[in-house]
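*Asks:* With the input below, show me the fold.
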Amino acid sequence: MLALVAGVILLAFGLLFAGQGLGIIMWPASSFMLAQRQWAVYGALIALAGGALLWWSRR
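*Replies:* I've put the predicted structure just below:
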């Protein structure tokens, strides 16, 4: 159960970071991650880790 919750949280944060890094999500306006491509990569990696954890927890 804990792995499932952690996977959902990692997936959500990863998608948020990737969206901010790509300039798709411009919230909050004062964020240092906005339109910074490196955060899109970090977010994608975090989202992949979250997805893998979700997959593992559902097995």
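*Asks:* Averaged pLDDT, stretch 36-54. What do you get?
*Replies:* If you average the pLDDT over stretch 36-54, you get 98.
*Asks:* And the helices in this protein, which stretches?
*Replies:* Ranges of helices in the chain, per DSSP state H, are 2-22, 37-58.
*Asks:* any chance of the ones you listed in CSV, with distance to Ser30 and mean neighbour count too?
*Replies:* (C-beta placed from N, C-alpha, C; glycine too.) CSV is the format used below for these (distance: least, Cβ to Cβ, whole Å; neighbours: other Cβ atoms under 10 Å):
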stretch, distance to Ser30, mean neighbour count
helix 2-22, 12, 17
helix 37-58, 15, 15
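*Asks:* Put together a markdown table for these, with distance to Pro28 on each row.
*Replies:* Shown next, in a markdown table, are those (distance: least, Cβ to Cβ, whole Å):
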| stretch | distance to Pro28 |
| --- | --- |
| helix 2-22 | 9 |
| helix 37-58 | 14 |
